[in-house]
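Asks: A structural model of the following input is requested.
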Amino acid sequence: MAKGVITAFWKNFFLMAGVFNCLAAGLGMCFPGVVFTVVTGVNNTEPVVLYIFFISCCVVFLFGLGYISVVINAVTSRGFILIGALGKICFFAMGLYGYLHGIASLIFMITVCIDLIWAVFFIIYLRSTHRTICELLLDPKL
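Replies: As a prediction, the model looks like this:
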């Protein structure tokens, strides 16, 4: 496969990851009560709970913007990609815990499983581009 094709694939991939995060978080930011109810299966109108949920959605939205920024320069964004992968794995673990303990819905469990799949691809990217990026960084012509 040509190097340009790989680059185009990963750019599109990170763009899709960013859009996915921004859309999901945007819904939670615009309609925190509704989305919270869908995610947990509990109709909670406590302002503190909805505020914490809103703030969590803001963080997810910022990660989405970060993934979109990876499209601009993936070489210098490797640290962010690693943090994103770790965040998605932790999000999956927390979602699984919540689902197994009856405090998260099946819809939420499906969402965190999708995040786990994204994390696997993040790790594949990091592993598959490690040598190429090291060569780029050590190239005296840069």
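
Asks: What are the boundaries of the helices in the protein?
Replies: 3-30, 32-40, 47-70, 78-100, 106-138 (DSSP state H).

Asks: want to throw these into JSON lines with mean pLDDT and mean neighbour count?
Replies: Glycine gets a C-beta too; all of them are placed from N, C-alpha and C. Output for those, formatted as JSON lines (pLDDT from 0 to 100; neighbours: other C-beta atoms under 10 Å):
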{"stretch": "helix 3-30", "mean pLDDT": "87", "mean neighbour count": "16"}
{"stretch": "helix 32-40", "mean pLDDT": "89", "mean neighbour count": "18"}
{"stretch": "helix 47-70", "mean pLDDT": "94", "mean neighbour count": "16"}
{"stretch": "helix 78-100", "mean pLDDT": "93", "mean neighbour count": "16"}
{"stretch": "helix 106-138", "mean pLDDT": "83", "mean neighbour count": "15"}
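
Asks: centre of the chain versus stretch 92-100, how much separation?
Replies: When distances are taken as C-alpha atoms, centre = their mean, to the nearest Å, stretch 92-100 is centred 16 Å away from the chain's centroid.

Asks: what sits up against that stretch?
Replies: Defining contact as C-beta atoms under 8 Å, 6 or more residues apart in numbering, one finds that stretch 92-100 is touched by T40, A104, S105, L106, F108, M109, T111, V112, C113, D115, L116, A119.

Asks: Next one: the first one relative to S56, how far apart?
Replies: Think T40. 12 Å (C-beta to C-beta, to the nearest Å).

Asks: swap in the last one?
Replies: Applying C-beta to C-beta, one obtains 18 Å for the distance of A119 from S56.
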